[in-house]
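Trainee: Sharing a model that was predicted from the sequence below.
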Amino acid sequence: MGRRGTGGDGAGRPARQAGTAVRAWCSVLVVAAVVTAVLGTTLWRERRAAADSRPAATARLGGLDAAPGPAGWAAMTHHEMDGQNGYQMPSAMMPGAPEGDDMRLGIPITLTNSGDEPQRFDLVQEFSLAGGEKGDVRKLHSDTLGQLPRLNAGSAVRGVLYFDVDPPGAGDPPFLLTWTRDGDSRRMTVRMPGGTPEGHQHGS
């Protein structure tokens, strides 16, 4: 009995090898695409996180916009942060303002709800101050917004946040207003156009 020819197997082997190589290259390309996508997403998130961590003039969190105004050392007896050309408002209309000769750092702030639903907020829990002489985080001492618990859709409110802090020196880090809301946080720059008044005393 004669031997069966093997010419057909020899002819088909290159085709099978070529198919295997193509599949291997496809797998490599798929893996490379997945790795590139993962690295790109990670890089985007890192850049976004870095951008969010940088102090800004304004911030948006949890459906609200916050815009701090020029800060200053405020005293009740010479309170000029109400925008009335130095007119002293009655203390009953300014809850949380310093009394007598006491002074605190006052930061005017405007909160705006540009959405379609009411937004709740808690100033004491959400706002703090960092930087200055000691560099530690100081909690909000008081404010002039009273007990306002929420902001209706399409509305805004303006008030003053008071912090009992020491005036920063020439080499101290600048004040930064930190806003924490819904598990996220933003840092806002504090503009200090004026100097520290003589005879500065802290409120209690």
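Mentor: Arrived safely.
Trainee: looking at the protein, which helix or strand is least sure?
Mentor: helix 7-53 (a mean of 62; mean pLDDT, DSSP states H and E).
Trainee: Tell me the strands beside the next helix or strand after that one, with direction?
Mentor: Along the chain past helix 7-53, the next helix or strand (assigned with DSSP states H and E) turns out to be strand 59-61. Strand pairing for strand 59-61, determined by DSSP bridges: strand 64-68 (antiparallel).
Trainee: Give me the contact list for the strand it pairs with.
Mentor: Judged by Cβ atoms under 8 Å, 6 or more residues apart in numbering, the contacts made with strand 64-68 from elsewhere in the structure are 57-60, 107-114, 119, 121, 151, 177, 179, 181, 186, 188-191. (Each C-beta comes from the backbone N, C-alpha and C, glycine too.)
Trainee: can you rerun that using 10 Å?
Mentor: By Cβ atoms under 10 Å, 6 or more residues apart in numbering, the surrounding residues in contact with strand 64-68 are 57-60, 107-115, 119-121, 126-127, 151, 156, 158, 161, 177, 179, 181-182, 186, 188-191.
Trainee: Which ones among those lie within strands?
Mentor: 59-60, 107-113, 119-120, 127, 151, 156, 158, 161, 177, 179, 181, 186, 188-189 (DSSP state E).
Trainee: Sort out which of these are buried, if you could.
Mentor: For those, a burial check counting by 16 or more other Cβ atoms under 10 Å picks out 59, 107-109, 111-113, 119, 127, 151, 161, 177, 179, 181, 186, 188-189.
Trainee: got a list of what Asn113 touches?
Mentor: For Asn113, the set of contacting residues under the criterion of Cβ under 10 Å, 6+ apart consists of 63-65, 119, 121, 150-157.
Trainee: now it, nearest residue through space, not along the chain?
Mentor: Leu151 (4.3 Å; Cβ to Cβ, 6 or more residues apart in numbering).
Trainee: so what's that neighbour up against?
Mentor: If you count contacts by Cβ under 10 Å, 6+ apart, then Leu151 has 63-64, 111-113, 115, 118-121, 145, 157 around it.
Trainee: could those residues go into a markdown table alongside distance to Val31 and pLDDT?
Mentor: Formatted as a markdown table, the contacts of Leu151 follow (distance: Cβ to Cβ, whole Å; pLDDT from 0 to 100):
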| residue | distance to Val31 | pLDDT |
| --- | --- | --- |
| Gly63 | 41 | 95 |
| Leu64 | 44 | 97 |
| Leu111 | 49 | 97 |
| Thr112 | 48 | 98 |
| Asn113 | 47 | 97 |
| Gly115 | 43 | 93 |
| Pro118 | 49 | 96 |
| Gln119 | 45 | 96 |
| Arg120 | 47 | 95 |
| Phe121 | 47 | 95 |
| Leu145 | 55 | 89 |
| Val157 | 54 | 96 |
